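# show me how the following folds:
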Amino acid sequence: MRRRTTTRMLLGGFAVALLLAGCGGGGGSSAGGEAPGVPPAGPVTVLTWDPPATFADNEPVDPYRDIDHYEVYVREEANFTNSDLPVMVIPALTSVDSTRAPSTGIKKGRKPTSEFILENLNPYLSKASRQYVSLKAVGVDGQKSTFMPPVAWDRT
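As a prediction, this is how the structure comes out:
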């Protein structure tokens, strides 16, 4: 996941690269394990990510064919488990037209979804001002990735 302000997390290897000095990110996690969230250095409004390289069983992932959707998880603590339920589902592919992506050379078609506006979660959240957000990729066959490292989101 990457905050527009911005932290980037790679789903498959859970390697976190800080894109701007001073921004927070998340720690690694195994499926069902605990992962501490790191507080953000500034306001987080958009979450972005790269598709996973593999699912939880280490099978390679083609983001154009293998991922059906992403599940969004939100908690007041950063410890996500497999018993948590997603609060929202995001389609894995987004439509692209020539006016939206002229620099990519993609005229029309679909590209992997890679961002989400966090304020869209507000109807599903508790009153707490700090929430932790994580995602799982879900394959067309139901296979899931492990949790992405959580990102702390301060709703102010």
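# for the rest of this, base every contact and every neighbour count on C-alpha atoms.
Will do.
# return the helix or strand in the protein with minimum mean pLDDT.
strand 16-18 (a mean of 25; mean pLDDT, DSSP states H and E).
# so where's the protein uncertain?
Where the chain drops to pLDDT under 70, the residues are 1-43, 97-108, 156.
# can you map out the strands along it?
2-3, 7-9, 16-18, 46-48, 67-75, 88-91, 93-96, 109-112, 115-117, 130-139, 151-154 (DSSP state E).
# any idea which of those strands gets closest to F55?
Relative to F55, the nearest member of the strands of the chain by C-alpha to C-alpha is strand 130-139, separated by 7.8 Å.
# give me the angle between that closest one and strand 67-75.
Computed by axes from the mean of the first three to the mean of the last three C-alpha atoms, to 10 degrees, the angle separating strand 130-139 from strand 67-75 equals 160 degrees.
# tell me which residues of strand 130-139 are tucked away?
Of the residues in strand 130-139, those buried by neighbour count under the rule 16 or more other C-alpha atoms under 10 Å are 130-139.
# can you check stretch 146-156 too?
Per 16+ other C-alpha under 10 Å, stretch 146-156 contains these buried residues: 146-154.
# repeat that for stretch 58-77.
Residues 61, 63, 66-77 are the ones in stretch 58-77 that count as buried (16+ other C-alpha under 10 Å).
# and P52, how many neighbours?
By the criterion of other C-alpha atoms under 10 Å, P52 has 23 neighbours.
# next, the closest residue to S134 other than its chain neighbours: phi, psi?
Closest residue to S134 apart from its sequence neighbours, by C-alpha to C-alpha, 6 or more residues apart in numbering: P150 at 4.6 Å. Reported as degrees, to the nearest 10, the phi and psi values for P150 are phi -70, psi 150.
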